[in-house]
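Visitor: mind looking at a prediction? Sequence and model below.
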Amino acid sequence: MVRPFFMDDVMHPAFDPQPTLTGATLGMRPLHGDDLGPLYDVAKDPAVWAGHPAKDRHQQAVFAPYFDMLLASKTTLAATLASTGQVIGCSRYYTPPQQGDGISIGYTFLGRDWWGGASNLEMKSLMLSAAFAHVDQVWLHIDPANIRSQRATAKLGATLVSEGALQLNGKDGIWQSWVVERDVWEQRTVVKT
């Protein structure tokens with residue numbers, strides 16, 4: 001039986017779930033309370049949530065408690081433009097239900113201006129590289145209806161492992177479970193360099 005994940009779970013003990021990461025065009029830093037306004041400016045676009053189970057998250061009354069959960073997790077990173085510091089989205093680390101001492105990446109969203117380009121790849125690359133310093137595989141969980149996220153995840157070299165009932169953050173749902181293996185990631189990184 002797969003164990004449920006709750007917000008207060010502790011992931012891999014040596015891993016810092018809120019590192020500051022710097023890339024060529026993006027930065028990832030710990031989410032702060034004063035990020036609510038800038039992050040809601042990104043989240044208020046209904047298209048951001050179109051492929052997500054919480055399609056009403058663009059409403060401020062729905063987004064605010066979600067933001068509070070992200071902030072309380074102490075595992076969420078704000079995605080910012082390296083040149084200006086503008087918040088363009090966020091992502092977080094969490095414990096995968098499949099592996100209690102593992103690392104997952106999820107709860108990710110970006111503003112529409114950063115879809116389809118290199119931003120998601122750079123954000124996930126920074127986060128994967130940090131995680132692979134501690135584990136051999138990283139998990140991602142995607143709603144089966146979210147085709148855009150599935151395509152972006154496949155571009156990372158992730159493999160679809162299963163689809164079925166999981167409990168994430170205390171909520172039951174049907175999720176696809178994808179995994180990125182460190183050796184596959186390192187090979188892709190060497191080839192792209």
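Guide: Alright, I've got the coordinates. The shown structure was predicted, so the numbers you read here are calculated from the model rather than taken from an experiment.
Visitor: can you give me the helices for this structure?
Guide: Ranges of helices within the chain are 36-43, 60-73, 119-131, 147-155, 182-192, based on DSSP state H.
Visitor: mind checking those helices for the one nearest to E163?
Guide: E163 lies closest to helix 147-155 among the helices of the chain, at 10.6 Å (C-beta to C-beta). Just so you know, the C-beta spots here come from the backbone N, C-alpha and C atoms, and that holds for glycine as well.
Visitor: could you give the angle of the closest one to helix 119-131?
Guide: 50 degrees (axes from the mean of the first three to the mean of the last three C-alpha atoms, to 10 degrees).
Visitor: helix 147-155 - what's its average pLDDT?
Guide: Averaged across helix 147-155, pLDDT comes to 88.
Visitor: report the separation between L81 and D113.
Guide: As for L81, its distance to D113 is 10 Å (criterion: C-beta to C-beta, to the nearest Å).
Visitor: next, show the common contact partners of these two.
Guide: I88 (C-beta atoms under 8 Å, 6 or more residues apart in numbering).
Visitor: higher neighbour count, those two?
Guide: Taking neighbours as other C-beta atoms under 10 Å, L81 and D113 compare with L81 leading, 14 against 11.
Visitor: give me the neighbour count for the closest residue to that one other than its chain neighbours.
Guide: Counting by C-beta to C-beta, 6 or more residues apart in numbering, the nearest residue to L81 once its immediate chain neighbours are dropped is I88, at 6.1 Å. Neighbour count of I88, defined by other C-beta under 10 Å: 22.
Visitor: distance of I88 relative to T159?
Guide: I88 is 28 Å from T159, by C-beta to C-beta.
Visitor: then Q60?
Guide: On the measure of C-beta to C-beta, Q60 and T159 end up 37 Å apart.
Visitor: do the same with L140
Guide: According to C-beta to C-beta, L140 stands 10 Å off from T159.
Visitor: which residues do those two both contact?
Guide: Common contact partners of L140 and T159 (C-beta under 8 Å, 6+ apart): 178-180.
Visitor: ok, so of those, who is nearest S125?
Guide: Nearest to S125 among these is V180, at 10.6 Å by C-beta to C-beta.
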